[in-house]
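# coordinates only, no sequence provided:
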């Protein structure tokens, strides 16, 4: 039946992360593969959604987002990121898009970036972040830019490595964008999950980048609401006009009552974000300790809620085989490292753990890991 399939769809595989979740369920394991919390979202946000449903906000909203939510996004972006935007002309709720002949992507990358580039009709050019500190080669990056480069995709804090791009690194990327007329698309969904004094810097806040940055974010990770699927793209008005047109024909709009609840979420007190980072640091340290006790080489993250680990020193060169062994023998599911690279061999000796879980879930996983014999 391949004759009926799209060439674009045939050019990439299904999600490895979701496949590992299915395997985990089959083995009744602990899912440290897919990055969703197993603890509840804040009660006040859930209550806001219930009120919005009861108040009958159950029909279409404005395609690019309710005014209340767009104002909340603009307000939070000004306070926490230092960037003032016009909620009427520069914010699109739900999703964003970029087009171009070539798009530069840092790897290891969130697994959606490769297929998303293909679906947009772009040719991805990959720049590898090198462990242990996940730095990129500035000269290699400069060589990747050319007259066909339309965008560079940055995820900070990064999934899967937890790397937080420094101000100096972002400024270097920004200078290349300005030199070659490219747009920076920044995924900042983990902006509040930071450790050890790490600082989140928004690309749009840097000199010369306010008019050539698309900032993507959502309520999924910060507020433990991954199933609500409410996100947004912040961009200059000219880019926003194009984003809104694409968005209109792809998804029409985010769920109306959930947008009202999201507007409340974005007004949470600063203490909420401080507590969020502190609680995730505790989870990071608990899982890191268990993994190191077992013999994993752990690359400790500066942000987000993932741990990239090395298993190649045990002689494993097939990360998929190792991940299957771990879930079958220890009952702990992870993601093979090759899922995050353009060339599988770059991730062949690595696996990724996630830790947005209850302490008791992580303690149970730690017990299983300490009994595991690689």
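It's in. Note that this is a predicted model, so its numbers are computed, not measured. Residues are numbered from 1 along each chain as shown.
# what's the closest non-adjacent residue to residue 310?
Here the nearest residue to residue 310 in space, its sequence neighbours aside, is residue 297; by Cβ to Cβ, 6 or more residues apart in numbering that works out to 3.7 Å. Yep, even glycine has a C-beta here, placed from its N, CA and C like the rest.
# likewise residue 28?
Nearest non-adjacent residue to residue 28, counting by Cβ to Cβ, 6+ apart: residue 331, 6.9 Å away.
# if I look at the one you found, how far off is residue 24?
The spacing between residue 331 and residue 24, counted by Cβ to Cβ, to the nearest Å, is 8 Å.
# doesn't residue 371 make contact with the residue nearest to residue 28?
No. With contacts defined as Cβ atoms under 8 Å, residue 331 does not count as touching residue 371, sitting 9.9 Å away.
# give me the more crowded residue out of these two.
Neighbours around residue 331 and residue 371, counted as other Cβ atoms under 10 Å, are more numerous at residue 331. The numbers are 18 against 11.
# report pLDDT for that one.
What the model reports for residue 331 is a pLDDT of 94.
# show me what contacts it?
Contacts were defined as Cβ atoms under 8 Å, 6 or more residues apart in numbering; by that measure residue 331 touches 27-30, 368.
# equivalent analysis for residue 364, please.
The neighbourhood of residue 364, defined by Cβ under 8 Å, 6+ apart, consists of residue 30.
# please begin residue numbering at 7 from this point
Got it, first residue is 7 now, which makes that one residue 370.
# pretty sure it sits in a helix.
Yes. In this structure, residue 370 lies within a helix as judged by DSSP: H, G, I helix; E, B strand; the rest coil.
# gap between it and residue 293?
Here residue 370 is placed at a distance of 11 Å from residue 293 (Cβ to Cβ).
# for residue 187, same thing?
From residue 187 over to residue 293 the distance is 43 Å, taken as Cβ to Cβ.
# again with residue 77
Applying Cβ to Cβ, the value for residue 77 to residue 293 is 38 Å.
# what does residue 34 give?
With the distance defined as Cβ to Cβ, residue 34 ends up 20 Å from residue 293.
# these two: which is more packed in?
The residue with more neighbours, out of residue 34 and residue 293, is residue 293; 25 against 8, by other Cβ under 10 Å.
# average model confidence for stretch 316-324?
Along stretch 316-324, the predicted local confidence has a mean pLDDT of 91.
# what does it contact?
137, 301-303, 305, 325, 328, 354-357, 380.
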